[in-house]
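**Student:** A structural model of the following input is requested.
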Amino acid sequence: MTAALTIAFVPGVSPAKWARVWRDRHPSIELRLRPIGSDDVDDTLAGEVDMVFARMPVSEQHNAIPLWTETAVVAMPKDSPLADLAEVDLTDAEVHVVDAGPVPADIAAALDLVEANVGVVVLPQSLFRAASRKDLVARPLFGAPGTQIALVWRDEDATETTEEFIGVVRGRTANSSRNQPTGTDRDVEEALRAARADSKAGGGSGESGKGGAGKGGAGTGSGGGKAKAKSPGSGKSGSGKKSNTGKGPTPGRGKMRGKPSRGSKGNR
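**Tutor:** Numbering: from 1, shown residues only. All right, here's what the predicted structure looks like:
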């Protein structure tokens, strides 16, 4: 593993809970957190950052694991008639929409216009809360799909350390996140266990005849042929990058499970 891991995050996303788990679990690996702008994901990954918590969509060149979906809300003055509604349907509301979202290019400026009673703004609930505008309220936008938060990284930045961080984010326990066979190694272990069981069943009293355990004992089946490990991603649903709609390579498949080709950016 490497000596440092640098994680960036866009506004409205707090990595604090994962940072606490990481520092408890991996005290020897420094975790560096870096806030960035919503439009800085590509430039950040091209620099000294290993992974980014970003809003979808992101570049199809990146790997992405969708994590959760933010609620889309309508920001309005407290005295707006829409504030009495549980949800707001802007198709029926007679109100000027300053910015229809999903994320305004300039959130502060858009909310300034809302405070001035110019109209309403659509944005993720987390960004509205982070803005902390006391004179404004927010109500869920009816029928809105919301915005998706994902953990994003590049193929060339994948290491054992980044995979450990993925495990932390996805809730793997300390016992399951380290020293456990994953990907190809797990498939090999399963194949070897099956081969051992077959060879025991066909080996009689334990002597390794030609039709039993064979030369390698655990490496052959009851019919004397070598056991083959399953190839990860060989089924219909397998590896490969997904598109920029919250899609990415399925964890546990493809490049992420191999030996890292180089170290973390934080240690270069």
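**Student:** use CA for all of it now, contacts and neighbours both
**Tutor:** OK.
**Student:** Helices of this structure, residue ranges please.
**Tutor:** In the chain, the helices defined using DSSP state H lie at 16-25, 41-45, 107-115, 125-131, 160-169, 174-177, 184-202.
**Student:** any low-confidence regions in the stretch 51-200 of the chain?
**Tutor:** 176-200 (pLDDT under 70).
**Student:** According to the record, where do the domains of this structure fall?
**Tutor:** 4-69+147-181+235-267, 72-140, 184-231 (automatic domain parsing).
**Student:** first to last residue in the second one, what's the distance?
**Tutor:** Across domain 72-140, the straight-line distance between its terminal residues is 6 Å, by C-alpha to C-alpha, to the nearest Å.
**Student:** do stretch 80-95 as well
**Tutor:** Using C-alpha to C-alpha, the two ends of stretch 80-95 sit 10 Å apart.
**Student:** what residues does it touch?
**Tutor:** Stretch 80-95 has contacts (C-alpha atoms under 8 Å, 6 or more residues apart in numbering) with 74, 76-77, 119-120, 137-143.
**Student:** if we go to 6 Å?
**Tutor:** 139-142 (C-alpha atoms under 6 Å, 6 or more residues apart in numbering).
**Student:** are any of the residues you listed buried, and which?
**Tutor:** Neighbour-count burial (16 or more other C-alpha atoms under 10 Å) is assigned, among the contacts of stretch 80-95, to 139-141.
**Student:** how about CSV for those residues, with distance to Met56 added?
**Tutor:** Shown next, in CSV, are the buried ones among the contacts of stretch 80-95 (distance: C-alpha to C-alpha, whole Å):
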residue, distance to Met56
Arg139, 22
Pro140, 20
Leu141, 19
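**Student:** and of these, the nearest to Glu60?
**Tutor:** Leu141 (28.3 Å; C-alpha to C-alpha).
**Student:** close enough to count as contact, that closest one and Met76?
**Tutor:** No - judged on C-alpha atoms under 6 Å, Leu141 makes no contact with Met76 at a distance of 11.7 Å.
**Student:** What would stretch 109-124 look like as PDB? C-alpha coordinates only.
**Tutor:** In PDB, the C-alpha atoms belonging to stretch 109-124 read as follows (Å, rounded to 0.1, in the frame of the first residue of the first chain):
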ATOM      1  CA  ALA A 109     -26.000  34.400  -7.400                       C
ATOM      2  CA  ALA A 110     -29.100  32.300  -8.200                       C
ATOM      3  CA  LEU A 111     -30.100  32.300  -4.500                       C
ATOM      4  CA  ASP A 112     -29.500  36.100  -4.300                       C
ATOM      5  CA  LEU A 113     -32.200  36.500  -7.100                       C
ATOM      6  CA  VAL A 114     -34.600  34.200  -5.100                       C
ATOM      7  CA  GLU A 115     -34.100  36.400  -2.000                       C
ATOM      8  CA  ALA A 116     -34.900  39.400  -4.100                       C
ATOM      9  CA  ASN A 117     -38.200  37.800  -5.100                       C
ATOM     10  CA  VAL A 118     -37.200  37.500  -8.700                       C
ATOM     11  CA  GLY A 119     -38.300  33.800  -8.900                       C
ATOM     12  CA  VAL A 120     -37.300  30.300  -7.700                       C
ATOM     13  CA  VAL A 121     -34.300  28.000  -8.300                       C
ATOM     14  CA  VAL A 122     -34.000  24.300  -8.600                       C
ATOM     15  CA  LEU A 123     -30.900  22.700  -7.000                       C
ATOM     16  CA  PRO A 124     -29.900  19.600  -4.900                       C
END
